[in-house]
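K.L.:
any chance you could fold what I've pasted below:
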Amino acid sequence: MQPTVLIDQHRHTAIIVATNRKKQLVIKLGKGKLTVSSISTKEIKAQGYTVSDYPPKLAAQSYLYHGAGVSDRAKRYLEEIANGEFPGMLVLA
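P.N.:
Down below sits the predicted model:
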């Protein structure tokens, strides 16, 4: 699975970092500490997120310096993305 940056109508971003069975593991950028949450593709669409062309590697590098902190689990995913090469995007059909 390719990490993918999402954006909603309010320009809030999130990164899909992995797939867990029928759900996506997502890190949403927000005011609090960044954590990994499990969410279905249907829920992603219902929340108004669409796929962005912003590079996941750059988003992950930025998320790692989030002022409110990053959970250990989120940090592991973000470091992997920031240090790796992941061409392409996930299509939410």
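
K.L.:
which residues does Ser37 contact?
P.N.:
Ser37 sits next to Leu25, Val26, Ile27, Lys28 when contact means Cβ atoms under 8 Å, 6 or more residues apart in numbering. No exception for glycine: its C-beta is placed from N, CA and C like everyone else's.

K.L.:
how about 6 Å then?
P.N.:
Ser37 sits next to Val26 when contact means Cβ atoms under 6 Å, 6 or more residues apart in numbering.

K.L.:
so how far is the helix or strand harbouring it off the chain centroid?
P.N.:
Element membership for Ser37, per DSSP states H and E: strand 36-40. Remark: strand 36-40 is offset 10 Å from the chain centroid, using Cα atoms, centre = their mean, to the nearest Å.

K.L.:
report pLDDT for Ser62.
P.N.:
For Ser62, the pLDDT comes out at 95.

K.L.:
what about this structure, any weak spots by pLDDT?
P.N.:
Scanning the chain for pLDDT under 70 picks out 1, 85-93.

K.L.:
check which helices and strands whichever strand in the chain runs longest is in contact with.
P.N.:
Scanning the chain for the longest strand, with DSSP state E as the assignment, gives strand 13-20. On a contact count with 3 or more Cβ pairs under 6 Å, 6 or more residues apart in numbering; DSSP states H and E, strand 13-20 meets strand 4-7, strand 23-28.

K.L.:
partners of the last one, with directions?
P.N.:
For strand 23-28, sheet partners with direction are given as strand 13-20 (antiparallel), strand 36-40 (antiparallel), following DSSP bridges.

K.L.:
show residues contacting that strand.
P.N.:
With contacts defined as Cβ under 6 Å, 6+ apart, strand 23-28 is touched by Ala14, Ile15, Ile16, Val17, Ala18, Leu34, Val36, Ser37, Ser38, Ile39, Ser40, Ala74.

K.L.:
among these, which ones are buried?
P.N.:
Ala14, Ile15, Ile16, Val17, Leu34, Val36, Ile39, Ala74 (16 or more other Cβ atoms under 10 Å).
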